[in-house]
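The amino acid sequence is not available; the structure is as follows:
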């Protein structure tokens, strides 16, 4: 895979799971844990941080939904990277020190979550991805994301 670049549009956190996330000015990603202060950060599991592309959100907006960054409970809203096409094991870096590894593409929703009922639809099951934090650090909107490929 050739190197592809994108950028962070928004960083979003929430205190409780299953809720829309609120944009924050910066975030601390903790190695093998997730985003400090986010409800989904729980350490040793494969879904430490979620990513969704702005392009996916715009598709929902074009369908008439009143949604924005964080409304699908994604931690990081990206632009310029076709997230669902990245294979498991793909590594990416953000800013000066953060390193992530793709661990899951999409997710199975057993029940319609609060996001579905609040937004009217959800793109996370098919277009969101999950990563684990392999090297921590501070990130903020505008930071460049570099996709390196598989480990």
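Okay, I see it. Quantities reported herein were computed from a predicted structural model and do not represent experimental measurements.

Am I right that residue 59 falls within a helix?
Yes: membership of residue 59 in a helix is supported by DSSP: H, G, I helix; E, B strand; the rest coil.

tell me, how many neighbours does it end up with?
By other CB atoms under 10 Å, the residues close to residue 59 number 13. Yep, even glycine has a C-beta here, placed from its N, CA and C like the rest.

With the one 5 residues further on instead?
By other CB under 10 Å, 9 other residues sit near residue 64.

how much space between it and residue 85?
26 Å (CB to CB, to the nearest Å).

Beta-bridge partners for the nearest residue to residue 97 once chain neighbours are set aside, please?
Of all residues not flanking residue 97 in the chain, residue 137 sits nearest, at 3.5 Å (CB to CB, 6 or more residues apart in numbering). Here residue 137 sits in beta bridges with residue 29, as judged by DSSP bridges.

Going forward, the N-terminal residue is numbered 42.
Renumbered: residue one is now 42, and that last one reads residue 178.

Could you list which residues are in contact with residue 178?
69-70, 135-139 (CB atoms under 8 Å, 6 or more residues apart in numbering).

Give me the local confidence score for it.
Looking at residue 178, its pLDDT stands at 98.

now swap in the one 3 residues further on and tell me
Looking at residue 181, its pLDDT is 97.

likewise residue 143?
At residue 143, the predicted lDDT confidence score is 96.

sorry, back to before: just the contacts of residue 178 now: which is nearest residue 98?
Using CB to CB, residue 135 comes nearest to residue 98 of the contacts of residue 178, at 19.1 Å.

From the centre of this structure, give me the residue that's furthest out.
Relative to the mean C-alpha coordinate of the chain, counting by CA atoms, centre = their mean, the farthest residue is residue 105 (22.5 Å).
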